[in-house]
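**Student:** A predicted structure for the sequence below; I have some questions about it.
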Amino acid sequence: ASGWGSQRRHLLLLRTLGSPYMSPGASHTGLGLCQGRLCDSRVACLRRPLGRKPGRGSGRGFTAPTRPGASRTRRVQMRASTCVGQGAAPFVRDCPAAWYGKDLKQKPAEWCYSLSQTEVAEIDRALEHVYPKGASEAELQAGLGILQITPETFPLPTLGPQLIELKEQIVNGRGFHVLKGVPVWRYDKWQCAAAFYGLGTYLGEAVSQNAAGHLLGHVKDTGGDPSKPQTRLYTTSAAQPFHTDSCDIVGLMCLRPAVEGGMSTVTSSVTVQNEIVRQAPHLAEVLFQNFYNDRKGEVPVGADPWFLMPVFNSCESKLLSMYDRSFIQAAQARFRDLPRLTAEQEEALDLADKLAASDELRLDMWLEPGDVQLVHNHVIWHARTAFKDAPEDPERKRHLLRLWLSLPDGWTLPESFAARYGSIAAGTTRGGIRVPGTVHSAPTDVQSSQDLA
């Protein structure tokens with residue numbers, strides 16, 4: 001209490017003296033007090049209120065939009081950012097990741113990149129280069145040779161440099177991008193898996209997504225029960241609320257959409273935080289406190305079956321988020337000895353969810369076959385609506401391939417992330433699910449939830 005009071009008095013002193021900025025690298029609290037500059041270390045943190053008016057979206061149920069057409073991307077102009085501190089929670093200004101969905105909805109050319117015929121031909125040739133000739137059907141189904149793919153064995157002379165440029169825009173720009181036109185409709189399962197994995201090697205290193213050690217994941221309804229707290233929702237057809245995954249970048253490649261539903265949605269967690277600071281600063285401070293999260297049975301050696309994590313963190317002048325309310329709710333349901341959520345914590349989470357899903361903040365998109373969505377988890381939350389498959393034809397089920405990528409040039413992470421990521425240092429392999437006895441694999445398909453255990 002005395003430390004908090006001291007921090008408050010220090011902030012008051014700064015304002016009384018009329019300081020136009022906080023000195024670079026200044027750190028007042030581990031709970032996320034404005035630390036100089038957020039999102040760009042070259043710019044000082046201004047101490048005067050700035051920004052948009054609060055969002056007016058409903059935050060609840062929404063209607064799917066029409067499917068946007070493909071278009072080539074324009075080069076994103078990277079802008080510096082500043083933040084305005086209010087209490088213990090920072091306000092981020094002029095950050096390219098602090099966008100509003102209602103604005104980007106009208107500008108798909110800024111966040112979509114359509115493959116050229118030359119780039120598609122490069123993928124075709126790279127697949128021929130890595131295809132395991134003479135492999136049996138069972139070996140192909142198990143993903144023989146996929147984990148050995150590297151940029152050297154999967155050469156993309158034109159597309160490779162473009163992917164590296166897109167990664168820079170994703171990590172230090174608006175936080176996501178959609179690549180369109182991978183010809184999955186003429187590839188077999190092994191070719192689809194190898195093509196996606198090969199593209200991913202230009203961005204980062206694949207890490208395990210589940211206790212089965214899958215470096216290549218499958219987002220489809222494999223019979224998981226969404227009513228059970230321990231179920232990971234990507235194995236069901238239920239709606240997935242806004243969340244982040246335990247990696248730097250998550251990639252999803254659509255093989256088949258659902259017969260009905262399954263719309264993908266992204267929202268800027270930076271903008272969510274800004275709006276909470278603007279509308280309810282006392283609740284913004286709550287989201288910098290620790291919440292108990294269930295590991296859902298995927299427990300590293302020596303760890304508890306739950307972990308502590310704030311929704312928002314600040315580290316090295318950047319605002320980062322790690323959030324999945326279903327994991328918080330599962331911890332409350334499964335571990336009765338853990339502290340119960342307070343009314344203020346529930347209110348803060350409700351406001352975050354409402355803002356994320358509001359018409360003003362969220363950006364909806366339909367992923368078509370061959371679309372690859374790439375999301376920087378530290379600044380973007382993603383979600384999907386519930387869906388229905390064709391019950392009479394298992395081969396028509398909604399199916400997305402997934403990669404969790406650790407970036408060799410990613411951000412340094414907050415200390416609290418170590419509970420989930422293992423290493424937090426930039427340039428190290430980090431993130432993913434780390435449990436005893438895991439053997440890494442890249443199956444080209446899964447049929448039931450038992451394949452994920």
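**Tutor:** Nice, thanks for sending it over. Numbers count the residues shown, from 1 in each chain.
**Student:** CA atoms for contacts and neighbours, from now on please.
**Tutor:** Fine.
**Student:** just the helices in the protein please.
**Tutor:** Counting by DSSP state H, one finds helices in the chain at the ranges 2-17, 101-104, 117-130, 137-141, 159-172, 189-200, 269-279, 281-286, 325-334, 343-356, 418-421.
**Student:** of all these, which one is nearest Pro408?
**Tutor:** helix 159-172 (11.4 Å; C-alpha to C-alpha).
**Student:** ok now that closest one, how far from the chain's centre?
**Tutor:** The chain centroid and the centroid of helix 159-172 are separated by 16 Å under C-alpha atoms, centre = their mean, to the nearest Å.
**Student:** now do it: everything it contacts.
**Tutor:** 39, 76, 78, 96-97, 119, 122, 175-177, 199, 202-203, 374-376, 410 (C-alpha atoms under 8 Å, 6 or more residues apart in numbering).
**Student:** which ones among these are found in strands?
**Tutor:** Residues from the contacts of helix 159-172 lying in strands, with DSSP state E as the criterion: 176-177, 374-376.
**Student:** between the helices of the chain, which one is closest to Cys254.
**Tutor:** helix 189-200 (9.9 Å).
**Student:** so for the closest one, mean pLDDT?
**Tutor:** Helix 189-200 carries an average pLDDT of 98.
**Student:** next, the angle helix 159-172 makes with that helix.
**Tutor:** Angle between the axes of helix 189-200 and helix 159-172 is 60 degrees (criterion: axes from the mean of the first three to the mean of the last three C-alpha atoms, to 10 degrees).
**Student:** could you list the low-pLDDT ranges of the stretch 101-250 of the chain?
**Tutor:** For the stretch 101-250 of the chain, no stretch is flagged by pLDDT under 70.
**Student:** center of the protein - which residue?
**Tutor:** Asn377 (2.8 Å; C-alpha atoms, centre = their mean).
**Student:** so who does it touch?
**Tutor:** Contacts of Asn377 (C-alpha under 8 Å, 6+ apart): 175, 244-250, 321-322.
**Student:** same question for Thr158.
**Tutor:** Taking C-alpha under 8 Å, 6+ apart, one finds 118-119, 122 in contact with Thr158.
**Student:** one more: His378?
**Tutor:** His378 touches 244, 248, 320-322, counting by C-alpha under 8 Å, 6+ apart.
**Student:** quick one on the thing from earlier: could you tell me how far the residue nearest to the centre of the chain is located from Val171?
**Tutor:** As judged by C-alpha to C-alpha, to the nearest Å, Asn377 and Val171 stand 9 Å apart.
**Student:** is Pro183 in contact with Gly370, as I believe?
**Tutor:** Yes - between Pro183 and Gly370 there is a contact at 5.7 Å, judged by C-alpha atoms under 8 Å.
**Student:** show the buried residues in the contacts of Thr158.
**Tutor:** 119, 122 (16 or more other C-alpha atoms under 10 Å).
**Student:** can I get the contacts of Thr158 in CSV with distance to Thr342?
**Tutor:** Formatted as CSV, these follow (distance: C-alpha to C-alpha, whole Å):
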residue, distance to Thr342
Thr118, 56
Glu119, 53
Glu122, 55
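**Student:** before we move on, back to that, would you list the contacts of Asn377 in a markdown table and tack on distance to Lys388?
**Tutor:** Shown next, in a markdown table, are those (distance: C-alpha to C-alpha, whole Å):
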| residue | distance to Lys388 |
| --- | --- |
| Gly175 | 29 |
| Thr244 | 23 |
| Asp245 | 24 |
| Ser246 | 27 |
| Cys247 | 28 |
| Asp248 | 30 |
| Ile249 | 27 |
| Val250 | 24 |
| Ser321 | 31 |
| Met322 | 29 |
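**Student:** returning to that earlier point: now the buried members of the contacts of helix 159-172.
**Tutor:** Buried among the contacts of helix 159-172 by 16+ other C-alpha under 10 Å: 39, 96-97, 119, 122, 175-177, 199, 202-203, 374-376, 410.
**Student:** what's the farthest-apart pair in those?
**Tutor:** The widest separation within those (C-alpha to C-alpha) is 34.9 Å, between Cys39 and Glu122.
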